[in-house]
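# here is my input, please return the structure:
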Amino acid sequence: MIAEAGLAALWLAAAFSLLQLIVGASAVRHWLPAAPTGAVEGPHHETVSPTGYSVSTDEPAASELARLVRPIAIAQAVFACAAFLLLIQLFLRTDLSVELVAANSHSMKPWLYKFAGAWGNHEGSMLLWVTVLAVAGAAVAILERRLDERTLLATLAAQATIGLGFYAFLLFASNPFRRLVPAPMEGNGLNPLLQDPGLAFHPPTLYFGYVGISIAFSFAVGALITRDVGPAFARAMRPWVLAAWIFLTVGITAGSYWAYYELGWGGWWFWDPVENASLMPWLAATALLHSVTVLATRDSLRAWTVMLAVVAFSMSMIGTFLVRSGILTSVHAFAVDPRRGAFILILLALYIGGALTLFGLRVGTVKEGSQFEPVSREGALVLNNLLLTVLLGLVLIGTLYPLVTESLGVKVSVGPPYFNTAAGPLALLLVVAMAMGPLLRWRRDRLKEAARRLILPAAATLAAVALVVILAPGIGILPLLGLVLAFGVGAASVAPLWKRNLRRTPLFLYGMVIAHLGIAVSLAGMACESAFTKEKLVAARVGETIAVGPYQIRFAGVEPIAGPNWTAVEARLEARRGGRLLVLHPQSRMFSAPPTETNETAIETVLDGQLYTVLGKSDESGRWQLRLWWKPFVTLIWLGGFLVALGGFLALVGRLWRERRTRRQVVEARA
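Numbering: from 1, shown residues only. Below you'll find the model as predicted:
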């Protein structure tokens, strides 16, 4: 009965999504004649309901409808959560009468992977996607009080429209609660590459990021419908964009490290199409975050903000299509049914095409906003957004081009050489623009004054050039530029704190500083990994010693071991550096359900890098394949990523705290 209850909850959630769309659209339609006709925020009569929300009294019928939308959004979230929790219960019980459980679980699988396995498949991941979407819509309905009531209703209607398409996809093309008759004696198990704690963390964070972008998209659609694009709209949208950006940053950073240690290939970014599917929304969200901040604080870049909200959501939809359409073969990709891919492609065309059409029809009503000079912080942010957009375009072309040519019967491979050559220099230029922006003044600045503020970052850059050339004379040009710019960007990142009273400095400014500093730290890690990594691939006998980097590694032996649902051969590697001994235990594992052989890396992290080891197969002479890497300062890549996310979190808390304090002061002044 659990599966039937879950399916019923999913149908009810879909019904409430449809009801939310109908009621919200009806209320907006009643109000549209009274909506502002320009891009400025016009006055309207409103009263405060007993719940504390502003409700327009221009149209009594619309007001009654408006009061219904919020409870409907909350009810939708409740039923969506119920459906997802019931699916998790089915996986925890290993109910093999449910087709999804039988195909993706096993009775001997550890508890954590039964739990996380609920979304380690196509149907479950889509149910998680739509559940997060419903919860986010309910959060907007409960928490959002800054937005004009008309625009909020249009936003919730747009959010319901997105959800309705994915509910239809689940119910008619990817039912996660379908019964299997007769039930098998045992399940097929989960892909061993996904049997890792990262599965419990990485996909949900990405989904929170994707759904946060969908909220920004809904805000933009709502503002276009009501012609309410202005600073108030941007201030309401900014926390949601920032939260989505934080989750995407954490998800991409964690996913990069998961692939790094799980796949055993020694790299941290492969430019896999599915990796790009998460990177592209992040690039668009980064540009959107800068743009919405300028609109909220300086009333500029109105059209930019709306356009980037549409582009960011479009990238998340394209990512959804790539991962779940079946056109890609990847550990990340779930669907293999072309019918499902066609369904998602139709949704993509409807949502993106509809939003672009609405943007084209209403962009003429979006006024330009305040003016600024090219030499200004706004000008630097526009340059930043242009570079991000071009970088996004290069990644998008490189990702989709092989798929297009393959559909025409020609197989073309686009891999790291293209992306590194096309995107690498542009990314470095983007970092330079990012470093300069916070050192410029708003509206208008003078070149001489701006140049004076750049003296210290420029000095740090020149010092870094001399230091790197002396210490690493044979370094390549891109790693050299990366290290040099990392020093310069690091110095420029902390420049906004110079001569400030640090106790009175706003928390969101600290957030910006830490986020930009995180970019510098990651850039330094990438450059070091590219320039200084040492690798050894050997066939060694027990007792032999191999040198890699500063380590002497003795192959001490191998022994068989057994885990909860796998068996393995485990090596003992004794690594010495100076007088310190490190012992590492890489494994070659064999899973029975499904039958799969994997390599489990053994990694030792020290202050100046990581020793990365992989055990391969043995040959007839008794030698074992060993892959050994010494990666200086590689951990800076992920440390920087989490610093970026931490900076975003501090900025979010700081902005919300300041808004709360401002509202409290306004209330006290009125009292």
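# tell me which element the residue at minimal distance from the centre of the chain falls in.
In the chain, the residue lying closest to the centroid (Cα atoms, centre = their mean) is Leu248, at 2.0 Å. Following DSSP states H and E, one finds Leu248 within helix 231-262.
# quick one, helices of the stretch 551-671 of the chain?
Shown for the stretch 551-671 of the chain, the helices assigned by DSSP state H, counting those that start in this stretch span residues 636-670.
# Pro176 touches Ala103, doesn't it?
No - with contact defined as Cβ atoms under 8 Å, Pro176 does not reach Ala103; the gap is 10.8 Å. C-beta here means a position set from N, CA and C on the backbone, and glycine is covered the same way.
# the more surrounded of these two?
Pro176 (29 against 17; other Cβ atoms under 10 Å).
# OK, contacts around the more buried one?
Contacts for Pro176 (Cβ atoms under 8 Å, 6 or more residues apart in numbering) come out as Gly6, Leu10, Leu87, Leu100, Glu123, Gly124, Met126, Leu127, Leu170.
# got it, and Ala427?
Leu391.
# that one sits in which helix or strand?
Here Ala427 is assigned to helix 416-436, by DSSP H and E.
# which elements pack onto the helix or strand following that helix?
Counting by DSSP H and E, the element after helix 416-436 in chain order, helix or strand, is helix 447-453. On a contact count with 3 or more Cβ pairs under 8 Å, 6 or more residues apart in numbering; DSSP states H and E, helix 447-453 meets no helix or strand.
# report the buried residues of the helix holding Ala427.
For helix 416-436, a neighbour-count test (16 or more other Cβ atoms under 10 Å) marks Phe419, Ala422, Ala423, Ala427, Leu429, Leu430, Val431, Val432, Ala433, Met434, Ala435, Met436 as buried.
# make JSON lines out of the contacts of Pro176 and add pLDDT and distance to Gly198.
Formatted as JSON lines, the contacts of Pro176 follow (pLDDT from 0 to 100; distance: Cβ to Cβ, whole Å):
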{"residue": "Gly6", "pLDDT": "96", "distance to Gly198": "26"}
{"residue": "Leu10", "pLDDT": "97", "distance to Gly198": "27"}
{"residue": "Leu87", "pLDDT": "97", "distance to Gly198": "20"}
{"residue": "Leu100", "pLDDT": "93", "distance to Gly198": "21"}
{"residue": "Glu123", "pLDDT": "90", "distance to Gly198": "20"}
{"residue": "Gly124", "pLDDT": "92", "distance to Gly198": "16"}
{"residue": "Met126", "pLDDT": "90", "distance to Gly198": "20"}
{"residue": "Leu127", "pLDDT": "94", "distance to Gly198": "20"}
{"residue": "Leu170", "pLDDT": "94", "distance to Gly198": "25"}
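# among those, which are located in helices?
Gly6, Leu10, Leu87, Leu100, Glu123, Gly124, Met126, Leu127, Leu170 (DSSP state H).
# now for these: which two are most distant?
The most widely separated members of those are Gly6 and Met126, with 13.7 Å between them, by Cβ to Cβ.
# the stretch 451-600 of the chain: strands as residue ranges?
Ranges of strands in the stretch 451-600 of the chain, per DSSP state E, counting those that start in this stretch, are 534-540, 545-548, 551-562, 566-577, 580-584, 587-592, 595-600.
# and of those strands, who's closest to Ala342?
Across the strands of the stretch 451-600 of the chain, closest to Ala342 is strand 595-600 (Cβ to Cβ), at 30.1 Å.
# alpha carbons of stretch 87-97, as PDB, please.
Extracted as PDB, the C-alpha positions of stretch 87-97 are listed here (Å, rounded to 0.1, in the frame of the first residue of the first chain):
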ATOM      1  CA  LEU A  87       9.500   6.400  -2.100                       C
ATOM      2  CA  ILE A  88      12.400   6.500   0.400                       C
ATOM      3  CA  GLN A  89      10.500   4.100   2.600                       C
ATOM      4  CA  LEU A  90      10.100   1.700  -0.300                       C
ATOM      5  CA  PHE A  91      13.900   1.700  -0.800                       C
ATOM      6  CA  LEU A  92      14.600   1.300   2.900                       C
ATOM      7  CA  ARG A  93      12.300  -1.700   3.000                       C
ATOM      8  CA  THR A  94      13.700  -3.100  -0.300                       C
ATOM      9  CA  ASP A  95      10.200  -3.600  -1.600                       C
ATOM     10  CA  LEU A  96      11.000  -5.600  -4.700                       C
ATOM     11  CA  SER A  97       7.400  -5.500  -5.900                       C
END
